[in-house]
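Q: coords below, sequence missing:
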């Protein structure tokens, strides 16, 4: 096997659970990825709703309003499939979103995009039993959602980088696009 990391294309490093596959890859080749249409680049925060938020909308609905989608939805489908696979493999207890409570500067930082920074912790988080169980569960849920959203944004950036590599002459010349694609492997 020959691995080539494309210049300018992101890579994602996450802690995985014991027993995660050693090697995995998506069967979608780079040649097929080049055919995928990307969502529009200009993302506005209010998307024309005047900045008003509806308390009846769920977090998923708010995310969809915030993010523009591609016309055919293929880009979002690819991101979702890759994210769902990674979601099964990631050791979420060891992922810390930068700026959240519990992150410190001794942990290894993973830059997953311009606004996405994850860190890997060697210690498992512990929750004090003195706090309200309902509030604690909600806080744990919110933190896990924040971690998953950061990883999903990183996966979207990775897929977009692969799609944009179609404009690189060096990639077209040096990579067999019919055999290349997204690969994942576990490093011990």
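A: Yes, it's here. The structure presented is a predicted model; accordingly, all values stated were derived computationally and were not measured.

Q: did I read that right, residue 166 in a strand?
A: No - using DSSP: H, G, I helix; E, B strand; the rest coil, the secondary structure at residue 166 is helix, not a strand.

Q: wait, it touches residue 32, no?
A: No - in this structure, residue 166 is not within contact of residue 32 by C-beta atoms under 8 Å, at 10.9 Å. Where C-beta positions appear, they are placed from N, C-alpha and C, glycine not excepted.

Q: residues of the longest strand belonging to the chain that come out buried?
A: In the chain, taking DSSP state E as the definition, the longest strand is strand 23-29. Within strand 23-29, the residues that count as buried by 16 or more other C-beta atoms under 10 Å are 26, 28, 29.

Q: in its sheet, what does that strand sit against?
A: strand 181-185 (antiparallel) (DSSP bridges).

Q: how long is stretch 20-32 end to end?
A: 27 Å (C-alpha to C-alpha, to the nearest Å).

Q: what's in contact with that stretch?
A: Stretch 20-32 is contacted from outside by 78, 81-82, 85, 89, 162, 165, 171, 175, 177-186, using C-beta atoms under 8 Å, 6 or more residues apart in numbering.

Q: ChimeraX command for the buried members of these?
A: A single ChimeraX command selects the buried members of the contacts of stretch 20-32 (16+ other C-beta under 10 Å):
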select :78,82,89,162,165,171,175,177,180,181,182,184
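
Q: just to revisit the earlier point, where do the contact lists of residue 166 and residue 32 overlap?
A: Counting by C-beta under 8 Å, 6+ apart, residue 166 and residue 32 have no common neighbour.

Q: quick one, grab the pLDDT at residue 106.
A: Listed pLDDT for residue 106 reads 42.

Q: now residue 180: closest residue in space, sequence neighbours ignored.
A: Closest residue to residue 180 apart from its sequence neighbours, by C-beta to C-beta, 6 or more residues apart in numbering: residue 30 at 4.1 Å.

Q: now swap in residue 72 and tell me
A: With sequence-adjacent residues excluded and distances taken as C-beta to C-beta, 6+ apart, residue 72 is closest to residue 37, at 5.8 Å.
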